[in-house]
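Colleague: build me a model:
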Amino acid sequence: MKIRIKGNSLRYRLTKSEVARLWAEEFLEERTQFAGKTLLYTIEYTNDNTLSANFIDDKIVLFMPKCMIDELHNTDIVGFEDGTGPVSLLVEKDFVCIDNTEEDQSDHYTHPQSAC
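Modeller: Below is the predicted model:
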């Protein structure tokens, strides 16, 4: 799971196995170690109807409705976004890059604009 933070926007990108795990377990967590502190970032199931997020005790939590998790897992939908709160939120499938990259992309989704 990757996150991108720019200003007041937060973007989560998920590989195939992460989408499958989120669907099965209704929870994902990653951590980044800093000197003396750890940043946690998660996606958690919610009964609400919209995406929302919170930041408490060095942890970014994105709450995602079960229906969105189901659609992300079971359909070709690329992702979901919500810009109604103080932070614009986006959760999307992580596609193989079209340009050259050294990152292992074996678990990424096929890019819709690729020739293959």
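
Colleague: scan the protein for its longest strand.
Modeller: strand 37-46 (DSSP state E).

Colleague: show me what whichever helix or strand comes after that strand is packed against.
Modeller: Next helix or strand after strand 37-46 toward the C-terminus (DSSP states H and E): strand 52-56. Applying 3 or more C-beta pairs under 8 Å, 6 or more residues apart in numbering; DSSP states H and E, we find strand 52-56 packed against strand 59-65. The way it works is simple: take the backbone N, C-alpha and C, and place the C-beta from them, glycine included.

Colleague: quick check: mean pLDDT across the very next helix or strand once past the strand it packs on?
Modeller: Using DSSP H and E, the helix or strand that directly follows strand 59-65 along the chain is helix 66-74. Mean pLDDT, helix 66-74: 94.

Colleague: show me the contact partners of helix 66-74.
Modeller: 14, 19-20, 22-23, 26, 45-47, 49, 51, 77, 79-80, 91, 93 (C-beta atoms under 8 Å, 6 or more residues apart in numbering).

Colleague: how many neighbours does the closest residue to E30 other than its chain neighbours have?
Modeller: Nearest residue to E30, sequence neighbours excluded (C-beta to C-beta, 6 or more residues apart in numbering): M1, at 4.9 Å. Neighbourhood size, M1 [other C-beta atoms under 10 Å]: 19.

Colleague: please name the residues that touch the nearest residue to P86 once chain neighbours are set aside.
Modeller: Nearest-residue entry for P86: N8, 6.5 Å, with adjacent residues in sequence omitted and distances by C-beta to C-beta, 6+ apart. Residues in contact with N8 (C-beta under 8 Å, 6+ apart) are P86, V87, S88.

Colleague: how near is N8 to P65?
Modeller: Noted for N8: a distance of 21 Å to P65, by C-beta to C-beta, to the nearest Å.
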